[in-house]
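Novice: I would like the atomic coordinates for the input below:
(2 chains)
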Amino acid sequence: MCSCFGTGTGTNTDAGVQPLRLDLPTSHDALAKLQVGQELRLFGRIYTMRDVGHQRCLEMLKRDGQLPFRLAGEALFYAGPTPAADDRPFGAIGPTTAARMDFAAPDLYRAGILLTLGKGCRSAAVAEAAAETGSVYLTTVGGAAALLAEKVLTAKLIAWDDLGPEALYCLEIADFPAFVAIDSRGRQL
Amino acid sequence: MLEPAQIAALDAGHLATLLEQSLVRLASEMRGDFRSAMAVACQREAASRPQVVLRMLEDNAQLASAKALPLCQDTGTVWVLLEIGSNAYGQPLTVAADIFSQVDTAVGRAWELAALRPSLLQDALVSRLNTGDNSPAFCDLSMRPQMLGARLHIMLKGGGTDNASSQAMLAPGDGWPGVRRFVVEAVRSKAANACPPLLVGVGIGSTFDKVAALSKHALLREVGAANPCSELDCYEAELLAEINATGIGPGGLGGQTTALAVHLESAPCHIAALPVAVNLCCNAIRTVSFDLTGHWLEGGGQA
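Specialist: Numbering: from 1, shown residues only, chains lettered A, B, ... in the order given. Sure, this is the predicted structure:
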């Protein structure tokens, strides 16, 4: 699968280029300007959702014909945080493997999710759905979760409390580092 | 890389106490040898993107350690290996059958104390209900009468990086070229999901069920320490060069540092077999190995 992260990306480094600011929730117009490989800083609102959350979200989408919890137009972060620590909403939070959410991502993009954030690379079907809908997939650094937790200002539980760390949270983030891994034309890093 | 641990007796209670204390510390500490190797790799990287990622990981390690925060949000499964050898007089040490009986309680206490993420389910398929305290731990006992003393190894292993591992029963005729192809392809196809830079553990030999354990055991060796077998040591260097030539790089964002080391462990096997397993370990490497000597061993056996 992951041949997208092959030889050649090592030279695509944007040396000296300042990261671009992206405010969330975002718009198709803003996403159309992003290029694969670009380094970003995210500001604003993003929702956490993992494996079981995607199963539930898909079921609700099929049942109701629309995304639950007013998620249309929003961004998803594939993450399951540790509990609160050091006066922050979470002690640590970082990306989980995005490929595990590939089964649901095309449907969620088509239903209105504009942006997903995780780690690793994705199936061709996800890249095609991103191109079709003008949505994007971003990646951030796995293993830097104490550092990334400093970029999370607030966290509000929205649903699925029974799932513990896999619950749906709405986060307010600032200066959160990310890289464009699939752009709105479906080009993969 | 053995740390001394003074325990009064090799029994369930003392093991649980040592485990609880270790887990709280382990969750916040990147293994020192890996961290040093990462700093060296950062200087070797030619481009700025991989350097940015490696510096971010070093900053994260510093922050986690200083503030006792989890290094990674995936605080992992608890893996415990107890190796039992002989005392200074060559007499085999003994251990009670209930040695691991308090381990799960210790895990629960550590998880609460350090505010770690409960990531374990009661069963894989039927209920998939979270146990809430990260129990159970996965424990193994290994009898090694030729070894002096006893050792306790503890590892916190993230789910994404264990997912990215693989295993194959190759044909003996595949030989080293077959092993090399399989290992490099395993890393190439899964490394970006496993949070590189990686430590790559490879098990070769034994049986279908045991080769995976060998590959995990290989992760315990210190980065930079030579393989005691010179042929395997050469193979390790060859594999590392080929893996880093993939260009996957730190964070999967490109660069020369996809892995910091490849560790091979081999074992006897059947004439028909060439089992190979690859266990990837992410950059949030959290393992500790204790030498359980102290006055317990001086006494010649179990207190």
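Novice: need the residues of the stretch 51-200 of chain B near chain A, please.
Specialist: If contacts are counted using Cβ under 8 Å from any Cβ of the partner chain, the residues of the stretch 51-200 of chain B sitting beside chain A are B:53, B:56-57, B:59-60, B:63-64, B:67, B:69-75, B:115-119, B:128, B:130, B:132, B:159-160, B:163-164, B:188-195. Any C-beta I mention is one placed from the backbone N, CA and C, and that applies to glycine too.
Novice: Just those residues: which are in helices?
Specialist: When those are checked against helices using DSSP state H, the ones located there are B:53, B:56-57, B:59-60, B:63-64, B:67, B:159-160, B:163, B:188-190.
Novice: Got a quick ChimeraX command for the buried subset of those?
Specialist: Selecting in ChimeraX just the buried members of those, where the criterion is 16 or more other Cβ atoms under 10 Å in any protein chain shown, is done with this command:
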select /B:53,56,57,60,63,64,159,160,188,190
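Novice: ok, which stretches of chain A are strands?
Specialist: Shown for chain A, the strands assigned by DSSP state E span residues A:20-24, A:39-48, A:75-77, A:115-118, A:136-139, A:152-159, A:168-182.
Novice: mind checking how far the third one is from the chain centre?
Specialist: Right, the one you point to is strand A:75-77. Chain-centre distance of strand A:75-77: 4 Å, with Cα atoms, centre = their mean, to the nearest Å.
Novice: Would you give the sheet partners of that strand, along with the direction of each?
Specialist: According to DSSP bridges, the neighbouring strands of strand A:75-77, each with its direction, are strand A:39-48 (parallel), strand A:115-118 (parallel).
Novice: Let me see the mean pLDDT of it.
Specialist: When the per-residue pLDDT values of strand A:75-77 are averaged, the result is 98.
Novice: residue in the stretch 201-303 of chain B nearest to chain A?
Specialist: Across the stretch 201-303 of chain B, no residue is closer to chain A than B:Gly254, which sits at 3.4 Å (Cβ to the nearest Cβ).
Novice: my guess is that residue contacts B:Gly247, does it?
Specialist: Yes: look at B:Gly254 against B:Gly247 with Cβ atoms under 8 Å: they come within range, at 6.0 Å.
Novice: More neighbours: which of the two?
Specialist: When neighbours are counted by other Cβ atoms under 10 Å in any protein chain shown, B:Gly254 and B:Gly247 differ, and B:Gly254 comes out ahead with 27 against 18.
Novice: So that one belongs to a helix, correct?
Specialist: No: per DSSP: H, G, I helix; E, B strand; the rest coil, B:Gly254 lies outside any helix segment and is coil.
Novice: Quick check on it: phi, psi?
Specialist: Comment: the main-chain dihedrals of B:Gly254 come out as phi 90, psi 150, following degrees, to the nearest 10.
Novice: And the pLDDT for it?
Specialist: pLDDT, the model's per-residue confidence, is 96 for B:Gly254.
Novice: gap between it and B:Ala37?
Specialist: 19 Å (Cβ to Cβ, to the nearest Å).
Novice: Likewise for A:Thr116?
Specialist: A:Thr116 sits at a distance of 32 Å from B:Ala37 (criterion: Cβ to Cβ).
Novice: the more surrounded of these two?
Specialist: It is A:Thr116, of A:Thr116 and B:Ala37, that has more neighbours when counted by other Cβ under 10 Å, with 26 against 19.
Novice: List the beta-bridge partners for the more buried one.
Specialist: Beta-bridge pairing of A:Thr116 under DSSP bridges involves A:Leu76, A:Tyr137.
Novice: any idea which element B:Val24 lies in?
Specialist: Using DSSP states H and E, B:Val24 maps to helix B:12-26.
Novice: Next up, the contacts around residue 102.
Specialist: Picked chain A for this. Residues touching A:Asp102, when contacts are defined by Cβ atoms under 8 Å, 6 or more residues apart in numbering or on different chains, comprise A:122-123, A:125-126.
Novice: meant chain B actually
Specialist: Residues near B:Gln102 by Cβ under 8 Å, 6+ apart: B:12-13, B:15-16.
Novice: from those, which is closest to B:Pro275?
Specialist: Minimum distance to B:Pro275 across those is 31.0 Å, recorded for B:Leu15 (Cβ to Cβ).
Novice: is it true that the closest one touches B:Val103?
Specialist: Yes: counting by Cβ under 8 Å, B:Leu15 sits close enough to B:Val103 to count as a contact (7.1 Å).
Novice: Between these two, which is the more surrounded one?
Specialist: For B:Leu15 versus B:Val103, neighbours defined as other Cβ under 10 Å are more numerous around B:Leu15 (25 against 22).
Novice: quick one: stretch A:20-32 to chain centroid distance?
Specialist: Counting by Cα atoms, centre = their mean, stretch A:20-32 is centred 13 Å from the centre of its parent chain.
Novice: try stretch B:188-203
Specialist: 13 Å.
Novice: in it, what counts as buried?
Specialist: Of the residues in stretch B:188-203, those buried under the neighbour-count criterion (16+ other Cβ under 10 Å) are B:188, B:190-203.
Novice: what about residue 137, how many residues close to it?
Specialist: No chain in the question, so chain A it is. If you count neighbours by other Cβ under 10 Å, A:Tyr137 ends up with 28.
Novice: other chain: chain B
Specialist: Applying the criterion other Cβ under 10 Å, we find 19 residues in the vicinity of B:Ala137.
Novice: Excluding chain neighbours, give the residue nearest to it in space.
Specialist: Setting aside the residues directly before and after it, B:Ala137 is nearest to B:Val78 in space (Cβ to Cβ, 6 or more residues apart in numbering or on different chains), at 3.8 Å.
Novice: mind listing what that neighbour touches?
Specialist: Contact partners of B:Val78, counting by Cβ under 8 Å, 6+ apart, are B:19, B:23, B:103, B:107, B:134, B:137-138, B:154-156.
Novice: Where do the helices of the stretch 201-303 of chain B begin and end?
Specialist: Taking DSSP state H, counting those that start in this stretch as the criterion, the stretch 201-303 of chain B carries its helices at B:208-217, B:230-244, B:294-298.
Novice: for A:Arg88, which residues make a bridge with it?
Specialist: For A:Arg88, the beta-bridge partners are A:Ala85 (DSSP bridges).
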